[in-house]
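**Q** Show me how the following folds:
(2 chains)
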Number of protein chains: 2
Amino acid sequence: MVEATRTIHWVGGLDGVCRLIEQTLLPGELVEIDCTTKEQMWDAIKRLAVRGAPAIGVAAAFGTVLGARDSQAGDRAGFLDDLQQTLDYLATSRPTAVNLFWGLDRMRRVAHATGDLSVPDLKQCLLDEALTIWNEDRQICRSLGRHGHALLGEGETALTHCNAGGLATADYGTALAVFFAAQEAGKTIHVFADETRPLNQGSRLTAWELQQRGIDVTVICDNMAGQVMREGRIDKIFVGADRIAANGDTANKIGTYSVSVLARHHGVPFYVVAPTSTFDMATADGSGIPIEQRDPAEINRGYSEPNAPAGVGVYNPAFDVTPHEHITGIVTEFGVIEAPDTAKILDHFRKHGVLADN
Amino acid sequence: MVEATRTIHWVGGLDGVCRLIEQTLLPGELVEIDCTTKEQMWDAIKRLAVRGAPAIGVAAAFGTVLGARDSQAGDRAGFLDDLQQTLDYLATSRPTAVNLFWGLDRMRRVAHATGDLSVPDLKQCLLDEALTIWNEDRQICRSLGRHGHALLGEGETALTHCNAGGLATADYGTALAVFFAAQEAGKTIHVFADETRPLNQGSRLTAWELQQRGIDVTVICDNMAGQVMREGRIDKIFVGADRIAANGDTANKIGTYSVSVLARHHGVPFYVVAPTSTFDMATADGSGIPIEQRDPAEINRGYSEPNAPAGVGVYNPAFDVTPHEHITGIVTEFGVIEAPDTAKILDHFRKHGVLADN
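**A** You can find the predicted model right below:
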């Protein structure tokens, strides 16, 4: 079995730490940092030290534990008030990935669902729930890989955008899980990784993960994806998702939309790989998904020297929305929703016992 | 009148130098370098110190002068042999921009067309021809701007890719000439500049040129162009060209093809702005245009820190081919070829007395 990247995990008991890979230093250095306060976790999410929708959901859960354990409240009511403050605070870290809110909501629900536990028991109960979320995410990655790799044939070449790998989850990824599962199944595959400007998650993180595990990977600049498709090099496209609206409209890293238009033009199947926790059934379509606008300095400066003059205007949305009509299928942990729309997604949820209001 | 960038020019007489802006240092530093040998000019073209199809044509002409003046030949035959060596040598610097070969061919023709001039007179004759090419290019830029800006209305927003500006020509550009001419005509316009990875000619050079002249410019990463079009922000697209085949298929900086697919999908008019010297009528369509593959280090390292791990595969074509069906019009110094194809281009050439075998 392919070993998972230790992207984020908890070390010790209730007085422990959340240890995570400082992803801004990859691929140059593999450094882990320990978060011991909710402020440190907020900062890690904001800075993209931890990123990727599923991993953000896990980070939100561990961040809640870090905030909750510091509560000085003597009774349940006071503790729940403190907890709400922590939840509200962590919710401000990033707006687009629905897994953040999903993770926070699960933590809130479990605290409220408990009977008359003591404050120390409530704190332990929250750590248990966070560990459950973390463990579930690991299982889900394996399921995504299993369902997804059936779509990728022996010897085929896939394109992916951004990083939907082990570094985006608690295990071996969503879109990249497809590649790891294909490799485990003995298939020889090739992957083109879009560089994914401005923060280069594709060239820094996806290329690193695939290289670590011996999968043949080629980095391209984002503007080369159309040409590579035109040359007939791409058999399938697999991307992750930050939020999927009820009709299947999918928010993902900026540039995913362009890839979907190019895929459609070239007749290349375009798959989204995401757990059901990434669906936001309360949002009818993509127009209701908030798009994070990030610091222009990410484009002007990136991680290195300036590549644009100071003072020039910069437009820097962090995500875009791929309309469901562009999506050949959405791979969930339960299988594939072909040509997704609201009815098919609700049907998929019903069939697999997933609550549509998760 | 908008002042031209002094991208490339000749200083002095036959014993002078070719002075050019070291474009790899922009926008950080505006430094000029002097080329005194053909080897220095070859290197400047190869390294992209001077780049952009029309400017490369001018550089080829001045480079020929630098090589020819060093000839020790005592007679015309010996001189023409030496000249051919210089031409063959300079032709190896970059394969895609047809202006390189066009410039070299003009220099060859003028030398052969002369009667029984002495070797010193032949050398002077070549310098005169290079200065003529340089001066013609300046006039052509103004014509391109005049014809092109009629396509861009007051208050409209254009998108451009790479740098087809003053830095790509001996005057104020091809695609960017449209914007400068619009500004001269009193129009208020806005320009989105694709960053244009891997060497960031958009964010480094186009943004710098537009900023210098007070035109409102916004830099985006290449992968954001689709999203910006989807948001309805782009009225027109203007790009340059490195070589245009007989049917209008246009080779231009990698990523132009993707922009054309996105433009088509969004119904945004897509214009190519190029002088007739950029047309290669001997090549029937884009499939016959050689595409330069460049050093993977341009993607791995760029001008700064590594952004991909060492040893990862990289695919780095420097150009792609936009099929003529994607092109709303080609702006030449004589006007616009709407929905270009072989017949319309030949017609355009005939009408304006341009030889189809230039």
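**Q** can you count the residues close to residue A:161?
**A** For residue A:161, the neighbour count with other C-beta atoms under 10 Å in any protein chain shown is 30. Placement of C-beta: from N, CA and C, glycine included.
**Q** Now do the helices in chain A.
**A** Counting by DSSP state H, one finds helices in chain A at the ranges A:38-46, A:53-68, A:76-90, A:98-113, A:119-149, A:175-184, A:201, A:207-212, A:225-230, A:256-266, A:297-300, A:342-351.
**Q** Make TSV from the ones you listed and add mean pLDDT and mean neighbour count to it.
**A** What follows is the helices of chain A, written out as TSV (pLDDT from 0 to 100; neighbours: other C-beta atoms under 10 Å in any protein chain shown):
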stretch	mean pLDDT	mean neighbour count
helix A:38-46	96	20
helix A:53-68	95	29
helix A:76-90	96	17
helix A:98-113	94	20
helix A:119-149	93	20
helix A:175-184	95	27
helix A:201	86	27
helix A:207-212	87	24
helix A:225-230	92	24
helix A:256-266	93	25
helix A:297-300	74	18
helix A:342-351	87	15
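**Q** export those to TSV and tack on distance to chain B?
**A** Below are those laid out as TSV (distance: least, C-beta to the nearest C-beta, whole Å):
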stretch	distance to chain B
helix A:38-46	20
helix A:53-68	18
helix A:76-90	28
helix A:98-113	19
helix A:119-149	21
helix A:175-184	15
helix A:201	10
helix A:207-212	5
helix A:225-230	3
helix A:256-266	3
helix A:297-300	6
helix A:342-351	21
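**Q** Quick one, which of the ones you listed gets closest to residue B:275.
**A** helix A:225-230 (24.9 Å; C-beta to C-beta).
**Q** and for that closest one, what are the contacting residues?
**A** A:159, A:161, A:192, A:194, A:220, A:234, A:258-259, A:262-263, A:265-266, A:268, B:254-255, B:257-258, B:261, B:315, B:317, B:320 (C-beta atoms under 8 Å, 6 or more residues apart in numbering or on different chains).
**Q** got the CA coordinates for it in PDB?
**A** Taking Å, rounded to 0.1, in the frame of the first residue of the first chain, the C-alpha atoms of helix A:225-230 are listed here in PDB:
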ATOM      1  CA  ALA A 225      -2.400  22.800 -21.300                       C
ATOM      2  CA  GLY A 226      -4.300  23.700 -24.500                       C
ATOM      3  CA  GLN A 227      -1.300  22.900 -26.600                       C
ATOM      4  CA  VAL A 228      -0.700  19.500 -24.900                       C
ATOM      5  CA  MET A 229      -4.300  18.600 -25.400                       C
ATOM      6  CA  ARG A 230      -4.100  19.600 -29.000                       C
END
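**Q** now it, how far from the centre of its chain.
**A** 25 Å (C-alpha atoms, centre = their mean, to the nearest Å).
**Q** What of stretch A:253-268?
**A** Taking C-alpha atoms, centre = their mean, one finds the center of stretch A:253-268 at 19 Å from the center of the full chain.
**Q** ok, back up a step: want to throw the helices of chain A into TSV with distance to residue B:126?
**A** Shown next, in TSV, are the helices of chain A (distance: least, C-beta to C-beta, whole Å):
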stretch	distance to residue B:126
helix A:38-46	61
helix A:53-68	63
helix A:76-90	71
helix A:98-113	67
helix A:119-149	63
helix A:175-184	58
helix A:201	52
helix A:207-212	49
helix A:225-230	38
helix A:256-266	46
helix A:297-300	44
helix A:342-351	70
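**Q** These: which one's closest to residue A:325?
**A** Of all those, helix A:256-266 sits nearest to residue A:325, with 8.2 Å by C-beta to C-beta.
**Q** Tell me the helices and strands packed up against that closest one.
**A** With contacts taken as 3 or more C-beta pairs under 8 Å, 6 or more residues apart in numbering or on different chains; DSSP states H and E, helix A:256-266 sits against helix A:225-230, strand A:236-239, strand A:270-273, strand A:319-322, helix B:225-230, helix B:256-266.
**Q** 7 Å instead, please
**A** Judged by 3 or more C-beta pairs under 7 Å, 6 or more residues apart in numbering or on different chains; DSSP states H and E, helix A:256-266 is in contact with helix A:225-230, strand A:236-239, strand A:319-322, helix B:225-230, helix B:256-266.
**Q** would you turn those into TSV with distance to residue A:170?
**A** Formatted as TSV, the helices and strands packed on helix A:256-266 follow (distance: least, C-beta to C-beta, whole Å):
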stretch	distance to residue A:170
helix A:225-230	29
strand A:236-239	19
strand A:319-322	22
helix B:225-230	30
helix B:256-266	34
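**Q** And the ones you listed: which comes nearest residue A:328?
**A** strand A:236-239 (8.4 Å).
**Q** just so I know, which of the helices and strands packed on helix A:256-266 lies nearest residue B:137?
**A** With C-beta to C-beta, the closest approach to residue B:137 among the helices and strands packed on helix A:256-266 belongs to helix B:256-266: 21.5 Å.
**Q** What are the contacting residues of the closest one?
**A** Contact partners of helix B:256-266, identified using C-beta atoms under 7 Å, 6 or more residues apart in numbering or on different chains, comprise A:223, A:225-227, A:230, A:258, A:261-262, A:265, B:161, B:225-226, B:229-230, B:237, B:239, B:270, B:320-322, B:326.
**Q** Repeat that for stretch A:171-182.
**A** A:2, A:4-5, A:54, A:137-138, A:141-142, A:144-146, A:148-149, A:152, A:158, A:160, A:164-166, A:168, A:189, A:191, A:206, A:209-210, A:213, A:215, A:238-240, A:273-275.
**Q** hmm, try it at 6 Å
**A** For stretch A:171-182, the surrounding residues in contact (C-beta atoms under 6 Å, 6 or more residues apart in numbering or on different chains) are A:2, A:4, A:138, A:141, A:144-146, A:148-149, A:152, A:160, A:164-166, A:189, A:191, A:215, A:238-240, A:273-274.
**Q** ditto for stretch A:197-206
**A** Contacts of stretch A:197-206 (C-beta under 6 Å, 6+ apart): A:26-27, A:162-163, A:165, A:167, A:193-196, A:219, A:222, A:298-299, A:302, B:221, B:307-308.
**Q** partner residues bridging residue A:332?
**A** Counting by DSSP bridges, residue A:332 forms beta bridges with residue A:335.
**Q** Test my guess that it contacts residue A:278.
**A** No - using C-beta atoms under 6 Å, residue A:332 makes no contact with residue A:278, being 8.6 Å away.
**Q** show me what contacts residue A:344?
**A** Taking C-beta under 6 Å, 6+ apart, one finds residue A:337 in contact with residue A:344.
**Q** who touches the closest residue to residue A:63 other than its chain neighbours in this structure?
**A** The shortest distance from residue A:63 to any non-neighbouring residue, by C-beta to C-beta, 6 or more residues apart in numbering or on different chains, is to residue A:41 (3.4 Å). Contact analysis of residue A:41 by C-beta under 6 Å, 6+ apart lists A:35, A:63, A:66.
**Q** so how far is residue A:51 from residue A:41?
**A** 13 Å (C-beta to C-beta, to the nearest Å).
**Q** how near is the closest residue in space to residue A:170 that isn't next to it in sequence to residue A:91?
**A** Leaving aside its chain neighbours, residue A:170 sits nearest to residue A:137 (4.1 Å; criterion: C-beta to C-beta, 6+ apart). Computed as C-beta to C-beta, the residue A:137 to residue A:91 distance reads 19 Å.
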